[in-house]
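Participant: Sequence and predicted structure are below.
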Amino acid sequence: MKKMTSKKRLLCMLLCVIMAVIAVGCQKPVETASEAFKAGVYTASVAGHNADIKVEVEVSTEAILGVKILEHKESPGISDPAIERIPKAIVDSQSLAVDAISGATITSKAIVAAVTEALKQAGADIDALNVKKEGSKNAGETKEYTTDVVVIGGGGAGLAAAVSAHQNGAEVIVLEKMPRLGGNTILSGGAFNAVDPKRQKAQGIEDSTDKHYTQTFEGGDKLGNPELIRVFVDNAYPAIEWLESLGMKFNDEVFTVLGGLWPRAHKPSTPLGTGFIDTYQAYVDANKGIDIMLDTEVTELIMENGKVVGIKATGLEGEVIIKANNGVVIASGGFGANVEMRDQYNKSWPALTQIKTTNHPGATGDGLAMAKNVGANLIGLDNIQLLPMGDPATGSLSGNIEQGVENRIFVNKSGNRFVDEGARRDVMTKALMEQEDAYMWVVLDKHSYPTGDKKNNFNETIDELIAQGRAFKGDTLEDLAKQIGVDPANLVKAVEDFNKAVDAGGPDAFGRTLFADKIDTAPYYAGARVPTVHHTMGGIEINTSAQVMDVNGKVIPGLYAAGEVTGGIHGSNRLGGNALADIAVFGRIAGESAALGK
Ligand code: ADP
């Protein structure tokens with residue numbers, strides 16, 4: 001046997017030392033300072049906008065492998081972009097410092113908070129994960145496109161315009177600044193006023209387009225444009241038939257919506273305003289020729305030789321310029337979520353700065369500024385609508401327990417009625433503002449909720465609302481009064497007087513004329529409500545073809561507008577149920593006019 005040389009021996013010893021170090025290293029416990037997480041699957045729940053959001057997070061020792069939302073009750077449509085994008089953004093960036101999705105901030109933050117809780121269980125260094133990574137955003141490139149009709153805004157009016165323009169032979173691009181379609185339309189209770197030869201007749205309700213005209217005109221203090229109102233009432237039912245032809249379903253029964261003054265409101269068969277948006281989306285999916293660009297905010301109209309010929313916008317990847325061969329439709333909605341504009345134009349209300357809104361955060365009045373820059377005439381901007389129906393915590397309409405006007409009353413903090421609950425929206429809200437803390441309870445009974453699973457107009461069951469502490473239920477009126485902290489004797493008397501008026505058929509001491517059932521059958525329910533900013537009646541002046549008028553009363557060629565961004569139909573006060581009808585009627589007209597270059 002050959003003897004080892006001293007050099008070889010040294011090498012051998014070194015090898016042994018290295019192996020020993022590796023072996024010791026392998027025996028170390030799994031957790032080491034260099035490992036980011038304890039590998040495994042963790043769950044956590046955090047309160048979201050409506051209820052708890054439960055997430056599941058899977059990690060290896062080095063990385064976040066997956067984030068799943070296991071349970072949530074966030075509002076459909078509105079929270080969807082956050083539910084889809086936030087988990088992916090956390091995994092892609094391996095970070096908790098991800099941007100909230102505009103329009104779904106509370107949901108976004110709740111998801112991040114729940115993932116944070118789960119990662120704490122995994123022993124993560126949360127501070128390190130909250131350090132913002134360098135973004136790879138925005139190459140700063142300008143993209144240019146040409147189409148026939150450009151539509152600014154993907155709410156109810158914009159999508160109606162897009163579908164109608166397409167049906168009239170145009171190629172269309174819709175630009176929507178938020179990460180989702182739907183605007184305020186998708187948040188609404190869905191009520192759509194139309195004089196209906198079939199449904200109203202079946203319920204024995206007398207109505208006519210003249211009555212709808214008069215109530216709309218007088219309900220807005222005769223400030224609306226009679227020609228526009230006539231086109232509106234005449235085309236409301238054809239718009240329902242048009243939506244039905246596109247596949248939308250409405251319930252058979254019509255009802256009176258808050259401030260609607262008459263039972264002519266149609267309720268879509270799917271929750272809130274989702275039916276409208278889903279219907280238009282289905283048309284877009286089934287037909288070539290309508291492109292929708294989300295996350296793309298239009299900033300400017302392009303004018304050439306006195307005609308609007310396109311738009312400039314900013315998207316996630318830079319500037320977008322679109323040339324429109326035939327026309328541009330502004331359908332960017334109102335300014336209810338823009339506190340500065342509200343304060344600037346408000347004349348009829350006490351300061352609105354602190355009042356919450358039912359609106360989505362994108363309702364900032366962008367279209368008004370753009371239109372003004374090309375000479376459009378803006379009218380009636382001081383006509384801002386409030387509702388007495390805001391959720392005290394958020395200002396939103398969700399949690400509203402009323403099913404229709406006829407079967408419920410409002411009482412103040414003392415348990416007394418204070419207004420005709422079938423009156424105009426401004427009348428009811430002004431009366432509410434005079435009550436203690438501008439706070440009221442909607443009170444109704446089993447007639448509105450035969451079972452606990454019956455849903456309100458916002459897709460919430462009464463049992464869910466009770467569990468969330470947003471509604472209360474009592475076996476007697478006294479029991480209910482105690483739970484909500486109002487004087488039981490006053491509440492009992494208020495209901496007794498109301499029931500007498502139901503028997504008499506009204507009008508009662510408050511002038512109320514709309515009645516159906518008495519409030520006399522347990523269980524009794526109550527839900528709290530406060531004033532909230534809802535709609536801006538003023539806006540861009542249009543003619544009956546939805547062409548935009550300039551300050552000299554002349555049409556601005558190439559420019560059209562529809563929906564809440566326009567003024568001239570609702571005067572000082574919009575009837576409940578008239579907005580969804582207005583945006584469908586004039587969205588449809590604007591799309592056709594733009595396609596045909598009228
Ligand atoms: P309407 O009832 O008139 O259709 P909505 O509020 O339902 O009004 O829809 C208006 C839509 O326009 C919203 O989805 C809003 O985010 C979008 N929007 C507002 N400003 C802009 C803008 N500058 N660029 C693109 N979209 C916009």
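Facilitator: Alright, I've got the coordinates.

Participant: Could you measure from the nearest residue to Val533 once chain neighbours are set aside over to Glu58?
Facilitator: Excluding the flanking residues, the one nearest Val533 by CB to CB, 6 or more residues apart in numbering is Thr357, at 4.2 Å. For every residue, glycine as well, the C-beta is placed using N, CA and C. Plainly put, Thr357 is 39 Å away from Glu58 if you go by CB to CB, to the nearest Å.

Participant: which of these two has more neighbours?
Facilitator: Higher neighbour count among Thr357 and Glu58: Thr357, with 24 against 18, using other CB atoms under 10 Å.

Participant: Next up, phi/psi of the more buried one, please.
Facilitator: Main-chain dihedrals, Thr357, degrees, to the nearest 10: phi -140, psi 150.

Participant: Report pLDDT for it.
Facilitator: pLDDT, Thr357: 97.

Participant: isn't it right next to Gly395, touching?
Facilitator: Yes - contact criterion CB atoms under 8 Å: Thr357 and Gly395 qualify, at 5.2 Å.

Participant: Mutual contacts of these two, please.
Facilitator: Taking CB atoms under 8 Å, 6 or more residues apart in numbering as the contact rule, Thr357 and Gly395 both touch 532-533.

Participant: what residues does stretch 280-287 touch?
Facilitator: So stretch 280-287 is contacted by 159-160, 162-163, 166, 181, 246-247, 290, 292 (CB under 8 Å, 6+ apart).

Participant: meant to ask about stretch 233-248, not that
Facilitator: 163, 192-197, 209, 212-213, 216, 250, 266, 268, 275-276, 279-280, 282-283, 581, 584-585, 588-589.

Participant: Which residues of this structure lie near the ligand?
Facilitator: For the chain, the residues found near the ligand under the criterion CB under 6 Å from any ligand atom are 152-158, 175-178, 183-185, 297-298, 331-333, 362-363, 366, 563-565, 583.

Participant: Kindly state the pLDDT recorded for Lys132?
Facilitator: Note on Lys132: pLDDT of 75.

Participant: Could I get the contacting residues of the residue lying closest to it once chain neighbours are set aside?
Facilitator: Distances taken as CB to CB, 6+ apart put Ala97 closest to Lys132, at 4.2 Å, once the chain neighbours are dropped. Residues in contact with Ala97 (CB under 8 Å, 6+ apart) are 129-133.

Participant: Which stretches in the stretch 151-300 of the chain count as strands?
Facilitator: Along the stretch 151-300 of the chain, the stretches classed as strands by DSSP state E, counting those that start in this stretch are 172-175, 192-193, 250-255, 265-268, 290-293, 297-304.

Participant: ok, residues contacting the fourth one?
Facilitator: Spelled out, that is strand 265-268. Strand 265-268 has contacts (CB under 8 Å, 6+ apart) with 190-194, 196, 199, 240, 248-251, 253-257, 274-276, 457, 576-577.

Participant: Alpha carbons of it, as PDB, please.
Facilitator: As requested, the backbone C-alpha atoms of strand 265-268 are provided in PDB (Å, rounded to 0.1, in the frame of the first residue of the first chain):
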ATOM      1  CA  ALA A 265     -90.200  51.500 -10.800                       C
ATOM      2  CA  HIS A 266     -89.000  48.200 -12.400                       C
ATOM      3  CA  LYS A 267     -86.600  46.100 -10.500                       C
ATOM      4  CA  PRO A 268     -84.000  44.000 -12.300                       C
END
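
Participant: Listing partners with orientation, what would you give for that strand?
Facilitator: If you go by DSSP bridges, strand 265-268 pairs up with strand 192-193 (antiparallel), strand 250-255 (antiparallel).

Participant: Identify the farthest-apart pair in the contacts of stretch 280-287.
Facilitator: Greatest spacing in those, by CB to CB: Gly247 and Ile292 (18.1 Å).

Participant: When the two are compared, which one has more neighbours?
Facilitator: For Gly247 versus Ile292, neighbours defined as other CB under 10 Å are more numerous around Ile292 (19 against 12).

Participant: That one reaches Leu181, doesn't it?
Facilitator: Yes - with contact defined as CB under 8 Å, Ile292 and Leu181 form a contacting pair (6.9 Å).

Participant: shared neighbours, those two?
Facilitator: Both Ile292 and Leu181 are contacted by Gly154, under the criterion CB under 8 Å, 6+ apart.

Participant: Distance of the residue nearest to Val533 relative to Gly333?
Facilitator: 12 Å.

Participant: shared neighbours, the two?
Facilitator: Ala363.

Participant: contacting residues for Asn359?
Facilitator: 184, 187, 334, 336-337, 533-534.

Participant: what about the spatially closest residue to it that is not a sequence neighbour, which SS state?
Facilitator: Using CB to CB, 6+ apart and skipping the chain neighbours, the partner closest in space to Asn359 is Gly336 (3.8 Å). Secondary structure, DSSP: H, G, I helix; E, B strand; the rest coil: Gly336 is coil.

Participant: wait, Gly336 sits on Thr357?
Facilitator: Yes - the pair Gly336 / Thr357 is scored as a contact, 4.9 Å apart, by CB under 8 Å.

Participant: Overlap in contacts, these two.
Facilitator: Counting by CB under 8 Å, 6+ apart, the shared contacts of Gly336 and Thr357 are 363, 533-534.

Participant: if we take these, which one ends up nearest to Arg230?
Facilitator: Nearest to Arg230, judged by CB to CB, of the shared contacts of Gly336 and Thr357 is His534 at 25.0 Å.

Participant: sorry, back to before: list buried residues within the contacts of Ala97.
Facilitator: Among the contacts of Ala97, those classed as buried by 16 or more other CB atoms under 10 Å are Leu129.

Participant: Can you lay out the contacts of Ala97 as TSV showing secondary structure?
Facilitator: Below are the contacts of Ala97 laid out as TSV (three-state DSSP):
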residue	secondary structure
Leu129	helix
Asn130	coil
Val131	coil
Lys132	coil
Lys133	coil
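
Participant: Now do stretch 558-575, average pLDDT.
Facilitator: Across stretch 558-575, pLDDT averages out at 98.
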